[in-house]
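Engineer: heads up, no residue letters with this:
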């Protein structure tokens, strides 16, 4: 299993090629490529490279899928016997990214193959038994 631990927006995230993740909103248009260069750890099928603090020449390339808002969090404060109540909601602004590949030292170790041409189904023959 190939994965990397990257730091983005002050948070650490374990990412794998071919999966999508929600991170804090970044100022990039949809369908654009981004590069995450703060890679803290890379695991390539058991071969682990740990950075101090980051892995040199390691990047994670991703594509911005869309911008969205997270679930609503309700903050309710109440002081008993004082008739003081305060209700406030918050929705985090997020960006959904799809991880395309993990690159270490110029070598792509976890790349997802994007199908540019539609794959034709394989024809299977059905042999009818003569009765």
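Structural biologist: Received, thanks. Keep in mind that what you see is a predicted model, and the values were worked out from it rather than measured.

Engineer: list the residues that contact the residue nearest in space to the middle of the chain.
Structural biologist: Centrality entry for the chain: nearest residue to the mean C-alpha point is residue 21, 3.0 Å, by C-alpha atoms, centre = their mean. By C-beta atoms under 8 Å, 6 or more residues apart in numbering, the contact set of residue 21 is 13, 15, 96, 97, 99. Every C-beta, even on glycine, is put in place using the N, C-alpha and C of the backbone.

Engineer: so how far is the helix or strand of the chain with the lowest mean pLDDT off the chain centroid?
Structural biologist: When the helices and strands of the chain are scored by mean pLDDT, DSSP states H and E, strand 107-111 comes last with a mean of 80. Strand 107-111 sits 16 Å away from the centroid of its parent chain (C-alpha atoms, centre = their mean, to the nearest Å).

Engineer: give me the buried positions along that strand.
Structural biologist: Within strand 107-111, the residues scored as buried using 16 or more other C-beta atoms under 10 Å are 109, 110.

Engineer: quickly list what residue 39 is bridged to.
Structural biologist: Residues in a beta bridge with residue 39, per DSSP bridges, are residue 6.
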